[in-house]
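Q: Generate a structure from the sequence data that follows.
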Amino acid sequence: MIMPAETTGDLSVNWLDDFKAITKMRLALSVVFSSLAGYLLAAETINYYHLLLLAVGGYCLVGASNAFNQIIEKDLDALMLRTQNRPLPANRMRPKTALVIAVGLTVLGIAMLYLLNWRTAFFGSISIFIYVAVYTPLKTRTPLSVFVGAFPGAIPFMLGWVAYTNYFGVEPGVLFMLQFFWQFPHFWAIAWMLDEDYKKAGFKMLPTGQKDQGTAFQIMVYTLWMLLISLLPFTHYTGALNLSIYGAVAVAIVGLVMLFFAGNLMQKKDHQAAYRLMLSSVVYISLVQVIYVMDKFLVYGN
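A: Numbers count the residues shown, from 1 in each chain. Sure thing, here's the model as predicted:
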């Protein structure tokens, strides 16, 4: 948690910490990691300049999305324990300053992705629009917000593929579906742990609205779908996106571990089980992306 800093006008002594908080640096870096993994999966030859554009442009758009989100939810963030010390509700940053950051990052991010190709910039633009204009307002209205939010959240992995190929087809489609279905158990586990805090701000995040068997069952179902989709490249009906028997076994093991924790939550329905599922989901998505990339370069030698 970032401690309140002394301020002079609008300039915080810990301005870098506030910038990292307003852009949610750790989340943004995880998104960049996904997009780079998608690029490496598609790449026949690696262009490091393009990797830099993708990484920085991707960070800018994710950071902008988070900044816009925090501007819109400034008063709601002040109600929740986990967010009340963010720069805006803690009055360490003015909304106008946050808006300048958000707009500046948006323009810079789209411009950098456009230097790669227009499709990458298009999908990046769609992502920030859905996240800010649709997902954010829906959070206080309906649990379907998680479904809507899963669309921009699923774009980064496939964005890397599109960045290299300037093409959208079955390969980036599979990458999109994998990260799309992954988000439901991941975010519902978080929502389970933070349910009381979310309710203070009126956020409706759990599918049934309660930490009950219905929610736990849906988490289990989406985890199972995620596991099945992760193995699609092993069928070799996914174009240039393929997975060897070694990669498929590794991906299956990682998926079964996460499925175990989803089942554990359905059985115990407590905070600790939700926490373990959340941790396993973070490990899962990173490991699967690494396995995909390693399988391509080590087994197929591309």
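
Q: Span of stretch 80-96 from start to end?
A: Distance between the two ends of stretch 80-96: 22 Å, counting by Cα to Cα, to the nearest Å.

Q: and that stretch, which residues are buried?
A: Buried residues in stretch 80-96, counted by 16 or more other Cβ atoms under 10 Å: Met80, Thr83, Asn85, Arg86, Pro87, Leu88, Pro89, Ala90, Arg92, Met93. Just so you know, the C-beta spots here come from the backbone N, C-alpha and C atoms, and that holds for glycine as well.

Q: mind listing the helices in the chain by residue range?
A: 15-23, 25-42, 48-72, 74-77, 95-116, 118-129, 136-138, 145-165, 170-193, 195-200, 213-230, 245-268, 271-294 (DSSP state H).

Q: Run through the neighbouring helices and strands of the last one.
A: With contacts defined as 3 or more Cβ pairs under 8 Å, 6 or more residues apart in numbering; DSSP states H and E, helix 271-294 has these neighbours: helix 25-42, helix 170-193, helix 245-268.

Q: returning to what we had before: tabulate the helices of the chain (JSON lines), appending mean pLDDT and distance to Pro207.
A: JSON lines is the format used below for these (pLDDT from 0 to 100; distance: least, Cβ to Cβ, whole Å):
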{"stretch": "helix 15-23", "mean pLDDT": "91", "distance to Pro207": "29"}
{"stretch": "helix 25-42", "mean pLDDT": "95", "distance to Pro207": "22"}
{"stretch": "helix 48-72", "mean pLDDT": "96", "distance to Pro207": "21"}
{"stretch": "helix 74-77", "mean pLDDT": "93", "distance to Pro207": "21"}
{"stretch": "helix 95-116", "mean pLDDT": "96", "distance to Pro207": "30"}
{"stretch": "helix 118-129", "mean pLDDT": "96", "distance to Pro207": "23"}
{"stretch": "helix 136-138", "mean pLDDT": "95", "distance to Pro207": "14"}
{"stretch": "helix 145-165", "mean pLDDT": "95", "distance to Pro207": "7"}
{"stretch": "helix 170-193", "mean pLDDT": "97", "distance to Pro207": "7"}
{"stretch": "helix 195-200", "mean pLDDT": "93", "distance to Pro207": "12"}
{"stretch": "helix 213-230", "mean pLDDT": "97", "distance to Pro207": "5"}
{"stretch": "helix 245-268", "mean pLDDT": "96", "distance to Pro207": "13"}
{"stretch": "helix 271-294", "mean pLDDT": "97", "distance to Pro207": "14"}
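
Q: Any chance of JSON lines for the ones you listed, columns distance to His236?
A: Formatted as JSON lines, the helices of the chain follow (distance: least, Cβ to Cβ, whole Å):
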{"stretch": "helix 15-23", "distance to His236": "40"}
{"stretch": "helix 25-42", "distance to His236": "15"}
{"stretch": "helix 48-72", "distance to His236": "27"}
{"stretch": "helix 74-77", "distance to His236": "47"}
{"stretch": "helix 95-116", "distance to His236": "28"}
{"stretch": "helix 118-129", "distance to His236": "25"}
{"stretch": "helix 136-138", "distance to His236": "39"}
{"stretch": "helix 145-165", "distance to His236": "17"}
{"stretch": "helix 170-193", "distance to His236": "11"}
{"stretch": "helix 195-200", "distance to His236": "42"}
{"stretch": "helix 213-230", "distance to His236": "15"}
{"stretch": "helix 245-268", "distance to His236": "11"}
{"stretch": "helix 271-294", "distance to His236": "14"}
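
Q: Pop out the phi and psi values for Phe168.
A: For Phe168, the backbone dihedrals (degrees, to the nearest 10) come out as phi -120, psi 120.

Q: nope, Leu144 is what I was after
A: Per degrees, to the nearest 10, the backbone of Leu144 is at phi -70, psi -10.

Q: Now for it: which residues touch it?
A: By Cβ atoms under 8 Å, 6 or more residues apart in numbering, the residues touching Leu144 are Leu138.

Q: Equivalent analysis for the one 4 residues further on, please.
A: Val148 sits next to Ile130, Val134, Tyr135, Leu138 when contact means Cβ under 8 Å, 6+ apart.

Q: now, which of the residues you listed sits nearest Leu243?
A: For the contacts of Val148, the closest approach to Leu243 (Cβ to Cβ) belongs to Ile130, at 29.2 Å.

Q: pretty sure the closest one contacts Ala154?
A: No - the criterion here is Cβ atoms under 8 Å, and Ile130 misses it with Ala154 at 10.6 Å.
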